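Student: any chance you can model this:
(2 chains)
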Amino acid sequence: MSPVLFELLLRSIWETVLMTGASGLISLVFGLPLGLALVATDRGGIAENLWVNRILGAVINGFRSVPFIILLVALIPVTRLIVGTSIGTWAAIVPLSIAATPYYARIAEVSLREVDHGLIEAARAMGGNRWTIVREVLVPEALPGIVAGFTVTLVTLVGASAMAGAIGAGGLGDLAIRYGYQRFETSVMIAVVIVLIVLVCGIQWIGDRLVARLDHRG
Amino acid sequence: MSAKTVEENVALPLKIEGRPRAERLARAAELLQLVGLSEKAKAYPASLSGGQKQRVGIARALAARPALLLSDEATSALDPETTRSILALLKGINSRLGLTILLITHEMEVIRSIADRVAVIDAGRIVEEGAVWQVFANPKSEITRSLLGAIRPQLPPEIASRLAAGEGAETILKVDVAGEAARGPLLSDLSAGVPAPFRLVHGGVDHVQGQPIGTLFLAVSGADAALLAQTIALLKDRGARVEVLGNVARPV
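Tutor: Okay, the predicted model is just below:
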């Protein structure tokens, strides 16, 4: 591999890490409250409101059912509104975040739903309000699942960010298509795949270690 | 709460109340001392045994200094040994802190060993209540009788199955005595006062809250109705409750 290509590889790695990290963080910030809202407003939840629950569920399902590559294109006006441009790494973060947020909300919802209802009742009996229940019971008890779900989301984002190359976002996927596939540079393709494997394994390893440290359920 | 340490669990009600951290930790340490789990303060509940978890639950319930401790089936999932130690702890809390404990249980043994007063609830209504020894000695409702069946002497089924209303060689009497009546020399009075032989078929005397409660099943010769009436009269005179269960054709 030539030094120029190597330089390109390094830049692509950084772009992928940036896209994955930024959109992962955004999906955590918005997805976790969304997941909480889904659990809280559901039947028997701490803030039961079935209409809100249904509307929220429908919107999330709507975003989840659009293929990412379509979402990428469809969201171009929104992206332009937020970032000012529809091309580049930062522009890709918008559709990536919008796709990952409902995805992560569903994953967080599953973990939060598994929290023993008896614990919520106990906190309520101690005089805890909704916010106390969220802070002291729901989130801490579901934390291992919330972290494990975030790991899954990040790994999915690594894959999705490759598609973002279609709108000139750069990143490893873009490099693999333009150089590895279209220019038959097999070495680039192999290097990209190896880097991706290392990246995904690294994320998963850190996630697993974190979950092991947080999980006290025996 | 599996994600919190024992200490954090005990301090949680105070945290919800908005007390400062130092006060919470001091109170948690004090309560863990009380329930005998001081060395487990930093452990997570998953590493505790069932009885230890129950102790943490009790300590947590006491954290906010309640006026009443409500314990719903606190011992029902525990083995007999652990049940005993939890009951001893509750009794200690009751006497040392002067805290009223409302214990909900279906285990009569638990009531027998710890409670002062008991109320029996059937289908959501209190059907009977009173001092434990009085309710145990003289259950008024069917549900209480059936609940107490396991710990009060019952006529053995092989005898019960042979009971008949008509004539028989022997009449089976159920004699219940409690309190002062059970302290008297009831059986020797009976043998001295009535010239008819009787046999003790089954029964026992239990002590609840320091009061004797006896249930005896006597077999009396059924040939002479006058002697039978005299027997029953004497027992009743001594404060016993007598119930004629029936006759058996051949002596049991």
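
Student: for stretch B:210-218, the distance to its chain's centre please.
Tutor: Stretch B:210-218 sits 14 Å away from the centroid of its parent chain (C-alpha atoms, centre = their mean, to the nearest Å).

Student: can you pull out the residues in contact with that stretch?
Tutor: For stretch B:210-218, the surrounding residues in contact (C-beta atoms under 8 Å, 6 or more residues apart in numbering or on different chains) are B:133, B:136-137, B:152-153, B:155, B:159, B:172-179, B:182-183, B:187, B:198-207, B:245. All C-beta spots, glycine's among them, are computed from the backbone N, C-alpha and C.

Student: restricted to strands, list the residues you listed.
Tutor: Using DSSP state E to define strands, the subset of the contacts of stretch B:210-218 located there is B:172-178, B:198-207, B:245.

Student: so how do I select the buried members of the residues you listed in PyMOL?
Tutor: This is the PyMOL syntax for the buried subset of the ones in strands among the contacts of stretch B:210-218, where burial follows 16 or more other C-beta atoms under 10 Å in any protein chain shown:
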select buried, chain B and resi 172+173+174+175+176+177+178+198+201+202+203+206
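
Student: got the residues of chain A near chain B?
Tutor: With C-beta under 8 Å from any C-beta of the partner chain as the criterion, chain A comes near chain B at residues A:119, A:122-123, A:126-128, A:132, A:136-137, A:140-141, A:143, A:214, A:216-218.

Student: could you rerun that using 7 Å?
Tutor: A:119, A:126-128, A:132, A:136-137, A:140-141, A:143, A:216-218 (C-beta under 7 Å from any C-beta of the partner chain).

Student: run through who's touching stretch A:54-67.
Tutor: A:Ala37, A:Leu38, A:Thr41, A:Ile98, A:Ala99, A:Pro102, A:Tyr103, A:Ala105, A:Arg106 (C-beta atoms under 7 Å, 6 or more residues apart in numbering or on different chains).

Student: how about a cut-off of 8 Å?
Tutor: Here stretch A:54-67 makes contact (C-beta under 8 Å, 6+ apart) with A:34, A:37-38, A:41, A:71, A:74, A:98-99, A:101-103, A:105-106.

Student: got it, and stretch B:149-157?
Tutor: B:108-109, B:112, B:136, B:172, B:174, B:201-204, B:206, B:213, B:215-217, B:245.

Student: so where's the chain uncertain?
Tutor: Reading this off chain A. A:166, A:218 (pLDDT under 70).

Student: not quite, I wanted chain B
Tutor: In chain B (pLDDT under 70), the answer is B:166, B:251-252.

Student: ranges for the strands of it?
Tutor: Assigned by DSSP E, chain B shows strands spanning B:68-72, B:100-104, B:117-122, B:125-131, B:170-178, B:198-208, B:211-221, B:241-248.

Student: then chain A?
Tutor: Under DSSP E, chain A gives no strands.

Student: could you give me the buried positions within the longest helix anywhere in it?
Tutor: What stands out as the longest helix in chain A, according to DSSP state H, is helix A:3-41. The neighbour-count check on helix A:3-41 (16+ other C-beta under 10 Å) flags A:8-9, A:12-13, A:15-16, A:18-20, A:22-24, A:26-28, A:30-32, A:34-41 as buried.

Student: ok, B:Glu243 - contacts?
Tutor: Residues near B:Glu243 by C-beta under 8 Å, 6+ apart: B:Leu173, B:Lys174, B:Val175, B:Asp176.

Student: now for the contacts of stretch A:54-67: which two are most distant?
Tutor: A:Thr41 and A:Ala74 (27.6 Å; C-beta to C-beta).

Student: picking that back up, and the residues of chain A next to chain B, which two are furthest apart?
Tutor: Within these, A:Gly127 and A:Gly218 form the most distant pair, 28.4 Å apart (C-beta to C-beta).

Student: of the two, who's got more company?
Tutor: Set A:Gly127 next to A:Gly218 and count neighbours by other C-beta atoms under 10 Å in any protein chain shown: A:Gly127 wins out with 12 against 9.

Student: from memory that one sits against B:Leu14, does it?
Tutor: No: in this structure, A:Gly127 is not within contact of B:Leu14 by C-beta atoms under 8 Å, at 10.4 Å.

Student: overlap of the contact sets of these two?
Tutor: Contacts common to A:Gly127 and B:Leu14, judged by C-beta under 8 Å, 6+ apart, are B:Ala64.

Student: could you find the closest non-adjacent residue to A:Glu185?
Tutor: Nearest non-adjacent residue to A:Glu185, counting by C-beta to C-beta, 6 or more residues apart in numbering or on different chains: A:Tyr179, 4.8 Å away.

Student: please apply the same query to A:Ala47.
Tutor: Leaving out its chain neighbours, the residue that sits closest to A:Ala47 by C-beta to C-beta, 6+ apart is A:Ala40, at 4.4 Å.

Student: tell me the contacts of that neighbour?
Tutor: Applying C-beta under 8 Å, 6+ apart to A:Ala40 gives the contacts A:Ile46, A:Ala47, A:Glu48, A:Arg130, A:Val134.

Student: again with A:Ala100
Tutor: A:Ala100 sits next to A:Ser23, A:Gly24, A:Ile26, A:Ser27, A:Gly31, A:Thr153, A:Thr156, A:Leu157, A:Ala160 when contact means C-beta under 8 Å, 6+ apart.

Student: what's the closest non-adjacent residue to it?
Tutor: Nearest to A:Ala100 is A:Ser27, by C-beta to C-beta, 6+ apart, at 3.7 Å.

Student: same question for A:Pro140.
Tutor: Once flanking residues are discounted, A:Pro140 sits nearest to B:Ala3: 4.1 Å by C-beta to C-beta, 6+ apart.

Student: next up, the contacts around the one you found.
Tutor: Taking C-beta under 8 Å, 6+ apart as the criterion, B:Ala3 is in contact with A:Pro140, A:Glu141, A:Leu143, A:Leu214, A:His216, B:Tyr44.

Student: what's the most distant pair in these?
Tutor: A:Leu143 and B:Tyr44 (12.9 Å).

Student: for chain A, give me its nearest residue in chain B.
Tutor: Nearest residue of chain B to chain A, counting by C-beta to the nearest C-beta: B:Ala46, 3.0 Å away.

Student: distance of that residue from B:Ala3?
Tutor: According to C-beta to C-beta, to the nearest Å, B:Ala46 stands 10 Å off from B:Ala3.

Student: tell me the buried residues in stretch B:40-48?
Tutor: Those would be B:Lys40, B:Ala41, B:Ala43, B:Tyr44, B:Pro45, B:Leu48, for stretch B:40-48 by 16+ other C-beta under 10 Å.
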